[in-house]
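Asks: I would like to see how this sequence folds:
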Amino acid sequence: MTLAFKASGVPVPSLKTRIWTLIKDSPDQSYAQVATRLGEPGKNVSSLLGTLVNEGRATNTPTFDKRTGRNVARYSAVVEKDGSMPPKRNGKRAVKPSPPPPQQPQAAKPAPVPQQPQRIDVATLPLAEAKRVYEELRTFFGGVYG
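Replies: Modelled structure (predicted):
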């Protein structure tokens, strides 16, 4: 097809533009389908499809192919509101933060020993102390019982 364009004097769009136009007109195509329809080598088409995805001009969706039993990436074009190709992103992909360095194992701390609640014998409690405990409990429970 490109030879026919060249022979007729019509300027041939770049392969990247032809790929984007094809997946815009026929979305959800695998790279092999795109390569076959354009008559181009699969490696070139696969590489340029990856470039289009990285530039934000296409998306790929993995779909399970029942015939082969594998996941196959299906490509679709990202289109501007006026139907044109969107501008290239900043050219840089989002960088995933690197995982934090592994921490050095620390010596295991001994488990805290649970403290037994202090038992108070009410019969031997001084009156001033009993009144203080009563007031503290009353404010804690909001005066519900008093």
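Asks: how about the strands in the protein?
Replies: 58-65, 70-77 (DSSP state E).
Asks: Just give me the neighbour total for the residue nearest to R37 when sequence neighbours are not counted.
Replies: Computed as CB to CB, 6 or more residues apart in numbering, the closest residue to R37 that is not its neighbour in sequence is L22, at 6.2 Å. Glycine gets a C-beta too; all of them are placed from N, C-alpha and C. L22 is flanked by 18 other residues according to other CB atoms under 10 Å.
Asks: lowest confidence element among the helices and strands of the chain?
Replies: Sorted by mean pLDDT, DSSP states H and E, the helices and strands of the chain end with helix 2-8, the least confident at a mean of 70.
Asks: if we can go back for a sec, Q103: which of the strands of the chain is closest?
Replies: Nearest of these to Q103, taken as CB to CB: strand 58-65 at 34.8 Å.
Asks: Could you dump the strands of the chain into CSV and include distance to V34, mean pLDDT and mean neighbour count?
Replies: As requested, the strands of the chain are exported to CSV (distance: least, CB to CB, whole Å; pLDDT from 0 to 100; neighbours: other CB atoms under 10 Å):
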stretch, distance to V34, mean pLDDT, mean neighbour count
strand 58-65, 10, 88, 14
strand 70-77, 7, 90, 16
